[in-house]
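K.L.:
Here is a sequence with its predicted model. Questions after.
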Amino acid sequence: MRGVRWRRIVSQAGRSIGVWAVSTVTMLVLAGILPDFQLQSADGDSATRIAVTAAFGAGVFGVLSALVWPLLVRLLLLVPALVLGLLVLFLNGSLLLLALRLNPSGSSEAAPETAVIVAAVMSAVASATGGALAVRDDDAYRRRLYRLADRRRSARPPCPATPGTVFLQFDGVGHDVLVDAVGKGLMPTVAAWLGTAPDDTRGRTTHRLTSWRTDWSSQTGASQLGMLHGSNFDVPAFRWYDKDSREVMVCNRPTSAAELQRRAIERTGDGGLLTVDGASRGNLFSGGADEQALVLSIATRRRDRRNRSRAGYFAYFSDPANAVRTALSFVAEVGREIHQSTRARLRKQRPRVKRGGLYPFVRAFATVVERDVVVAAVMGDMLAGRTAVYADLVAYDEVAHHSGPRSRDVEKVLQRLDRSLALIGKVAEHAPRPYRIVVLSDHGQSPGETFRSRYGLTLGDLVRAGCGLPVPRRAERTRSGAEARAAVRAALRRPVEEGGEQHRPARRRSEPLVLASGNLGLISFPDVPHRMTKEEIDARHPALLPTLANHPGIGFLLVRSEQHGGLVLGARGAEIPLGRLDEDPGPLAGFGPGAADAVRRTHSFPHTADIMVNSFHDPADGEVLAFEEQIGSHGGLGGAQGRPFLMSPLALSTPVDDGAELVGAEHVHRVLRRWLRESNGPQVPLEAEEEERAA
């Protein structure tokens, strides 16, 4: 035992000396290349003195990086994570300047901008050297990767021989997008696992691919809540007005996410998918995991700093090499977005949305910082032997919203997602237990221009016109605006005035609140404490429902009726009770199978909006019209947004029987729990009724 300990100490010392030597040589080379970086005095020094100066500077910089850098990063947790990615280069350069100042020779100096470059190069070289030396030692390599995710140093119990499970979510990647990307050779790792790689041989397939169908609310909040906690009941959209609390609920707002998670746990009576030895990384919800990082539903907690959402950033950025590499990639991604958006604007591509302001930085954060931190955390979880890990990579979803779900821009993102998957698969070879990696998505995205770009007015403008309220002049001058005014006049039995018509706003008993979730719109009347009926809406605003239902950009409406219960409204006076949708789908006919069931389920929610509005959908090309400024959207019915994928190892049972369909996030949750039970991992007890339903 003592001999093993001494060999480990000698091995570690040898690696440290090797990294120090390479860093010294790197500093000497940079001093010879960069004019503003010198290691000798103006009068000149001997080669030996210059070498000693470089060795001392490299050593001090290494010590500062190891000791001071983690403290600086922990202090920076007080600033927004987006700013953290921009500051790491300058902080690293400051540490180098400090190391040069501490050099007793007094002859070394560097310009501030040069110090940033030198520090970045030295950190990258030191990281690469340390990694190369550690690869030859499996224990050292495992410990190095383990530190990337800042696993707690306390000893964990020995890992069981049973397999662990990693659920890796490719946010927003639809089934057809994945298939096309594999066919184009953009995702060779996925292709190899599915056995479709060009050089694949028969029998090497490890995974199967299954599509599933989302609920009406085809977005991360509803899907991930259902998959992690087993219930997404009463989540009608990404954002909606809660008449009980008189607040707008938004799925990616920390307070809303925490409340939705609390409600789901209260309904199901259990903590979630990851309650036993689980880890939740980069998700909206915890899934009941005891290890959480970058989880939105815990971001408001202050008492337990270990579980704060930003803890994952400290774990990753405490290694200066990680910080530098990610910061450089961040800057490159900002430049890439500016280039791509400029190219789209010069080529006058259609459809197109504005991509200026802070968006390049938001995109870089989602595609670089969040990806690097989450992947490192998953690697650490696997090397620590955790039983179940669920992680979300949001890169594709963010870029597809602004560039389109099948654009050239997203192809690069899909390639990088595939490389992340390959890295996780490689790390699994060093894990202390076997792992089964499940790749899945929460929804897809449907292409199409925005409602505003096609008709010149927003859904809110159309609602205001239908209520007889003033609308912006830009909307008044559009064809849709004129048609809306005519519909109001007809409903009120007033003649349409020629020329400069003046609106006379109705008495503001109920100013409508209009919210958008992709191509799903929600209209609520905040001063009415209950869900209004069609009859009540018609009494207050006789033209509103006809104006909406007959607009060419609207597919259908859902309202509550005193006479029929739920009622689907469409163009030309179509009114179909929910109970008759199977025999007469009416305006739902073009939205595919399952649309009627999805609408009926949403109608049963206590907090469904007074008027649910789904945009027009073209079944021929799958396009929808987003009520937000997005040319790749999701949140409602129509097109690829409702068809995500589930890629599972062949070692696990098939998700559904042949001929059956996987419908809804809650159904996916039951499948994921079954797979955990098959591995003898954590399990959330199922009632007999649920077992029968899952079967």
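P.N.:
That came through fine.

K.L.:
quick one, what contacts D584?
P.N.:
With contact set as C-beta atoms under 8 Å, 6 or more residues apart in numbering, D584 has these partners: I576. In short, each C-beta sits where N, CA and C put it, glycine included.

K.L.:
if I look at it, how far off is A388?
P.N.:
In this view, D584 and A388 are 45 Å apart by C-beta to C-beta, to the nearest Å.

K.L.:
quick one: average pLDDT of the helix or strand where A323 lies?
P.N.:
Using DSSP states H and E, A323 falls within helix 320-346. For helix 320-346, mean pLDDT rounds to 84.

K.L.:
just for the stretch 1-150 of the chain, where's the confidence low?
P.N.:
For the stretch 1-150 of the chain, the stretches with pLDDT under 70 are 1-16, 18-20, 22-24, 26-48, 50-150.

K.L.:
Give me the buried positions along whichever helix or strand comes after the helix holding A323.
P.N.:
Sequence-wise, the next helix or strand downstream of helix 320-346 (DSSP H and E) is helix 359-364. By 16 or more other C-beta atoms under 10 Å, the buried positions in helix 359-364 come out as 359-361, 363-364.

K.L.:
of those, closest to E535?
P.N.:
Distances from E535 to the buried residues of helix 359-364, taken as C-beta to C-beta, are shortest for Y359 (43.8 Å).

K.L.:
pretty sure the closest one contacts H401?
P.N.:
No: Y359 is beyond contact range of H401, at 9.7 Å (criterion: C-beta atoms under 8 Å).

K.L.:
buried sites along the helix holding A323?
P.N.:
Quick answer for helix 320-346 (16+ other C-beta under 10 Å): 320-327, 329-330, 333-334, 336-337, 340-341, 344.

K.L.:
what bits of the stretch 501-650 of the chain have low per-residue confidence?
P.N.:
Residues of the stretch 501-650 of the chain that meet the cut-off, pLDDT under 70, sit at 501-510.

K.L.:
hey, where'd the strands end up in it?
P.N.:
For the stretch 501-650 of the chain, applying DSSP state E, counting those that start in this stretch gives strands covering 513-517, 520-524, 554-561, 565-569, 575-577, 611-615, 617-618, 623-624, 632-633, 645-649.

K.L.:
In JSON lines, list the ones you listed along with distance to K426 and mean neighbour count.
P.N.:
Putting those into JSON lines (distance: least, C-beta to C-beta, whole Å; neighbours: other C-beta atoms under 10 Å) gives the following:
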{"stretch": "strand 513-517", "distance to K426": "38", "mean neighbour count": "22"}
{"stretch": "strand 520-524", "distance to K426": "40", "mean neighbour count": "28"}
{"stretch": "strand 554-561", "distance to K426": "46", "mean neighbour count": "24"}
{"stretch": "strand 565-569", "distance to K426": "51", "mean neighbour count": "21"}
{"stretch": "strand 575-577", "distance to K426": "54", "mean neighbour count": "18"}
{"stretch": "strand 611-615", "distance to K426": "43", "mean neighbour count": "27"}
{"stretch": "strand 617-618", "distance to K426": "41", "mean neighbour count": "20"}
{"stretch": "strand 623-624", "distance to K426": "39", "mean neighbour count": "26"}
{"stretch": "strand 632-633", "distance to K426": "31", "mean neighbour count": "32"}
{"stretch": "strand 645-649", "distance to K426": "16", "mean neighbour count": "21"}
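
K.L.:
In JSON lines, list those along with distance to V656.
P.N.:
Shown next, in JSON lines, are those (distance: least, C-beta to C-beta, whole Å):
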{"stretch": "strand 513-517", "distance to V656": "28"}
{"stretch": "strand 520-524", "distance to V656": "27"}
{"stretch": "strand 554-561", "distance to V656": "28"}
{"stretch": "strand 565-569", "distance to V656": "28"}
{"stretch": "strand 575-577", "distance to V656": "30"}
{"stretch": "strand 611-615", "distance to V656": "27"}
{"stretch": "strand 617-618", "distance to V656": "26"}
{"stretch": "strand 623-624", "distance to V656": "27"}
{"stretch": "strand 632-633", "distance to V656": "28"}
{"stretch": "strand 645-649", "distance to V656": "10"}
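
K.L.:
and D409, which of those strands is closest to it?
P.N.:
Of all those, it is strand 632-633 that lies closest to D409, at 10.2 Å by C-beta to C-beta.

K.L.:
What strands flank the closest one, and is each parallel or antiparallel?
P.N.:
Partners of strand 632-633 in the sheet, by DSSP bridges, are strand 446-447 (antiparallel).

K.L.:
and stretch 522-538, how far apart are its ends?
P.N.:
17 Å (C-alpha to C-alpha, to the nearest Å).

K.L.:
Tell me which residues of it come out buried.
P.N.:
Applying 16+ other C-beta under 10 Å to stretch 522-538 flags 522-525, 531-534, 536-538 as buried.

K.L.:
Then stretch 171-191?
P.N.:
Within stretch 171-191, the residues that qualify as buried are 171-179, 181-182, 186-191, counting by 16+ other C-beta under 10 Å.

K.L.:
picking up where we left off before, out of the strands of the stretch 501-650 of the chain, which comes closest to G226?
P.N.:
Judged by C-beta to C-beta, the one of these that comes nearest to G226 is strand 645-649, at 13.3 Å.

K.L.:
ok, residues contacting the closest one?
P.N.:
By C-beta under 8 Å, 6+ apart, the surrounding residues in contact with strand 645-649 are 173-175, 178, 190, 193-194, 206-212, 436-441, 655, 662, 668, 671, 675.

K.L.:
Quick one: name whatever helix or strand follows that strand.
P.N.:
Toward the C-terminus, strand 645-649 is succeeded by helix 665-678 as the next helix or strand (DSSP H and E).

K.L.:
Which elements pack onto that next one?
P.N.:
strand 164-170, helix 220-229, strand 435-440, strand 645-649, helix 688-694 (3 or more C-beta pairs under 8 Å, 6 or more residues apart in numbering; DSSP states H and E).

K.L.:
Out of the buried residues of helix 359-364, which comes closest to T450?
P.N.:
Closest approach to T450 among the buried residues of helix 359-364 (C-beta to C-beta): Y359, at 15.4 Å.

K.L.:
Could I get the contacting residues of the closest one?
P.N.:
Contacts for Y359 (C-beta under 8 Å, 6+ apart) come out as 337, 402.

K.L.:
can you check I576 too?
P.N.:
By C-beta under 8 Å, 6+ apart, the contact set of I576 is 567-568, 570, 584-588.

K.L.:
The nearest residue in space to it that is not next to it in sequence: neighbour count?
P.N.:
The shortest distance from I576 to any non-neighbouring residue, by C-beta to C-beta, 6 or more residues apart in numbering, is to G586 (4.0 Å). G586: 17 surrounding residues under other C-beta atoms under 10 Å.

K.L.:
close enough to count as contact, G586 and L567?
P.N.:
No: judged on C-beta under 8 Å, G586 makes no contact with L567 at a distance of 10.4 Å.
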